[in-house]
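Engineer: give me coordinates for this.
(2 chains)
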Amino acid sequence: MTPTLRQITPLTTEFSWNKEISDGLLQYILFIKKGLLEDFKKEIKEVRLGFKTLSISLHRPLEKAEIQSWLESKALSAAPTPLPDRILEIPVCYSGETGRDLQSLAKTLALSVDELISLHSAPLYRIHFFGFLPGFMYLRGLPEVLNIPRKRVPDRTVPAGSVAIGGNQTGIYPMESPGGWHLIGRSPILFFNQKEKYPVMAEIGERINFRPITLQEYERNLRHPFQKFNK
Amino acid sequence: MTSGLGYIKVLRTGPGTSIQDLGRIGFAEFGVPSAGAMDTVSVQWANTILRNRLDAAVLEVFQPGLKLQFMAPTEICIAGAEANIVLNGKPVSAGTQQISGHDLLEIGAFKTGSILYLGINGGFQTEEVMTSRSWFAGITGQSQCQKENRLTYRANSKALNSTVSRVKWNFDWIKRLELAAYPGPEWELLDGSNQKKILDGEFTISVLRNRMAVQLEELLPNSMPEMATAPVYPGTVQLTSGGKLMVLMKDAQVTGGYPRVLQLTEEAVCILAQKRPGEKVRIKLVQR
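Structural biologist: Okay, here's the model as predicted:
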């Protein structure tokens, strides 16, 4: 599980793992991230994550050899801590009104709308990292039968809260944005709050699942902060 | 000397005028782009001359046709693109200007470069969100300046530079053709002929150019697959599946799925930011 170390610029270093995306890999990435933030607290300006990569931006250059030897000592230390147990429930109104591509996507996938909804809301999805938009979670766990290429021409506006499928991924748009995924529903809750010290609803490594709700329930809970649903 | 808050009233603006500082650093792991000024070299010049903090907030201007009224005395410094600047009906040059209450400033045609910066004594005092005043949709209340907006600053009638000799302004760096770049994480995955094309070729700035990315027009035959989504930064040059080189700028998302073939230096990002559609650039590889 030792990553390849690569200096991108004198102030940016990337750790990459040539491995399949998995819980085990995520566990290791988070282990390295935590260690770096503890041991190079003063030097690290910012951290970015991908499915197989972790990068650090630095205030001042660090010798590659210094990070390399740190990594080697880390590899010999205790096993990484397990991923968190918490599961967050996300209410989603799956409907034509809240997900304009629901009908057409079901048709393309040769499923009934109900089948699509139950396939999408059954699994537990793992949060791997945040990217694309503030508070947008990259999730793993979409059933293969729901994989669908992204739209050839992206939509100019995807409403905030939209739940969508693109490629082998599913996600929630925390804010209005252009986007190329197929929209199947919408969650009423707020996924990002820039006024909070911790602005997102969940931590990397936690799991979420989608709970179907009615349009009435959607409207009643519109713009509610996420904390209300997951105390 | 008067003090207290003053404000600029925006009488007219084209698209793309915004408040920017050196960016929102430390929130990328939550998916928050850095934002911040496209050309930090010009911003830091303006702030240095004004004796501001280097990260003081400035007004970033993409289009001619800006007309502002100052409601309190201050000192400003105009940097970045060379443009026709008119203060109270009289043409003035780039650099510092003393401002009195009710002064009118107009920015006309750009002669060199494409982004102009207006720095102000003490920096703009607009809202600070997540440690930065840089405007970004979804983070700050506003992402672009509108007519009638009020942009606050600290009123200050004390002339700061009146006894200092005027800075000699030089626009030559904006005209530089070469962009210095480190090899990107996926550089070695490019085939030799594409590496050669990137290093030997001249590339044209596309009209598809904004605060998120600058596209280059020339296409490369690309057979590289998309990759698992990975971190990207301002200055990352992606090779899209359509064969376009796309240089990510300050409002770019923090992760991407296209191969990252180059990483521009911070200075190269500033030079590129000042290029206009149709202008050329070349890549010069530098070692880490």
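
Engineer: please count neighbours and contacts with C-alpha atoms only from this point.
Structural biologist: OK.

Engineer: neighbours of residue 119, how many?
Structural biologist: Looking at chain A here, since you left the chain open. By the criterion of other Cα atoms under 10 Å in any protein chain shown, A:Leu119 has 16 neighbours.

Engineer: oops, I was thinking of chain B
Structural biologist: Neighbour count for B:Gly119, taken as other Cα under 10 Å: 30.

Engineer: just the helices in chain B please.
Structural biologist: For chain B, the helices defined by DSSP state H cover B:40-49, B:192-200, B:266-273.

Engineer: no wait, chain A
Structural biologist: Secondary structure of chain A, counting by DSSP H: helices at A:23-39, A:64-76, A:102-108, A:113-121, A:215-220.

Engineer: can you point out the buried residues in the first one?
Structural biologist: Burial within helix A:23-39, assessed by neighbour count using 16 or more other Cα atoms under 10 Å in any protein chain shown, is assigned to A:23, A:25-33, A:36-37.

Engineer: now the residue nearest the centre of chain B: how far from chain A?
Structural biologist: For chain B, the residue sitting closest to the mean C-alpha position, by Cα atoms, centre = their mean, is B:Met38 at 2.1 Å. Going from B:Met38 to chain A by Cα to the nearest Cα, to the nearest Å gives 19 Å.

Engineer: quickly list what residue 58 is bridged to.
Structural biologist: By default, I'm working from chain A. A:Ile44 (DSSP bridges).

Engineer: um, chain B though
Structural biologist: In this entry, B:Val58 is beta-bridged to B:Gln20, by DSSP bridges.

Engineer: assess the claim that it and B:Leu118 are in contact.
Structural biologist: Yes - assessed by Cα atoms under 8 Å, B:Val58 is found in contact with B:Leu118 at 5.7 Å.

Engineer: just to revisit the earlier point, can you flag the weakest of the helices of chain A by average pLDDT?
Structural biologist: When the helices of chain A are ranked by mean pLDDT, helix A:64-76 comes last with a mean of 89.

Engineer: residues in contact with it?
Structural biologist: For helix A:64-76, the external contacting residues (Cα atoms under 8 Å, 6 or more residues apart in numbering or on different chains) are A:1-2, A:5, A:7, A:32.

Engineer: let's go with 10 Å and repeat that
Structural biologist: For helix A:64-76, the external contacting residues (Cα atoms under 10 Å, 6 or more residues apart in numbering or on different chains) are A:1-7, A:10, A:13, A:15, A:31-32, A:35-36, A:39-40, A:77, A:80.

Engineer: tilt between it and helix A:23-39?
Structural biologist: If you take axes from the mean of the first three to the mean of the last three Cα atoms, to 10 degrees, helix A:64-76 sits at 120 degrees to helix A:23-39.

Engineer: distance from helix A:64-76 to the middle of the chain?
Structural biologist: 28 Å (Cα atoms, centre = their mean, to the nearest Å).

Engineer: show me which positions of it end up buried.
Structural biologist: A:71, A:74.

Engineer: now it - C-alpha only, PDB.
Structural biologist: Only the C-alpha atoms of helix A:64-76 are listed here, as PDB (Å, rounded to 0.1, in the frame of the first residue of the first chain):
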ATOM      1  CA  LYS A  64      11.300  14.800  -1.400                       C
ATOM      2  CA  ALA A  65      13.700  12.600   0.600                       C
ATOM      3  CA  GLU A  66      12.200  13.900   3.800                       C
ATOM      4  CA  ILE A  67       8.700  12.900   2.800                       C
ATOM      5  CA  GLN A  68       9.900   9.600   1.400                       C
ATOM      6  CA  SER A  69      11.500   8.600   4.600                       C
ATOM      7  CA  TRP A  70       8.400   9.700   6.600                       C
ATOM      8  CA  LEU A  71       6.400   7.400   4.300                       C
ATOM      9  CA  GLU A  72       8.700   4.500   4.900                       C
ATOM     10  CA  SER A  73       8.400   4.900   8.600                       C
ATOM     11  CA  LYS A  74       4.600   5.100   8.300                       C
ATOM     12  CA  ALA A  75       4.500   1.900   6.300                       C
ATOM     13  CA  LEU A  76       6.100   0.100   9.200                       C
END
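
Engineer: list the contacts of residue 103.
Structural biologist: Let's take chain A. When contacts are counted by Cα under 10 Å, 6+ apart, A:Gln103 touches A:95-96, A:111-113, A:116, A:183-184.

Engineer: please go with chain B instead
Structural biologist: Counted by Cα under 10 Å, 6+ apart, B:Asp103 has contacts B:8, B:68-73, B:87-89.

Engineer: chain A: which of the helices of chain B is closest?
Structural biologist: With Cα to the nearest Cα as the measure, helix B:266-273 is the member of the helices of chain B nearest chain A (10.0 Å).
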